[in-house]
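[1] pasting the structure only:
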């Protein structure tokens, strides 16, 4: 099993005025200052990727449900799979960065983006409809495209 991981997050002031410890819609696009609270491992086939979860209600709900196993499907350079719970939209958006993790409310699905999807108009990922972005894969997101298999396991890292 190979694992791709590296990253040092910038500090986050949980007490900043109005933040409440969660991202505002304006801050959700500021990817360099997004807070990191927990790490997870995504195993796709025989390849593992570490990821960090942002400080959001969606990330907390997913963390509490781990481990999660699923059968993934690809949509362009996105892998998604159904998860067994229903979450509301939370600062949901269609434009996502390479390597970001999203929860797609209409499909109750966990999504992993690493490149353009059929909805993209350029080289960056775009979800079919707004997703709750709740984390990011560490290391090179392009490595996700080299993972073989559609069996996915998501589990907590210590």
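    That came through fine. Note that this is a predicted model, so its numbers are computed, not measured.
[2] going forward, measure contacts and count neighbours with C-alpha atoms only.
    OK.
[3] Can you name the residues bridging to the most centrally placed residue in the chain?
    Nearest to the geometric centre of the chain sits residue 101, at 1.2 Å (CA atoms, centre = their mean). Beta-bridge partners for residue 101, by DSSP bridges, are residue 112, residue 135.
[4] could you pull out the helices for the protein?
    57-65 (DSSP state H).
[5] Low-confidence stretches in it?
    Applying pLDDT under 70 to the chain flags residues 1-36.
[6] now residue 79, nearest residue through space, not along the chain?
    Of all residues not flanking residue 79 in the chain, residue 112 sits nearest, at 5.2 Å (CA to CA, 6 or more residues apart in numbering).
[7] next one: residue 109
    Nearest residue to residue 109, sequence neighbours excluded (CA to CA, 6+ apart): residue 82, at 4.2 Å.
[8] one step back: how near is the residue nearest to residue 79 to residue 69?
    14 Å (CA to CA, to the nearest Å).
[9] neighbour count winner among those two?
    residue 112 (27 against 17; other CA atoms under 10 Å).
[10] can I assume that one is in contact with residue 80?
    Yes: counting by CA atoms under 8 Å, residue 112 does reach residue 80; the two are 6.2 Å apart.
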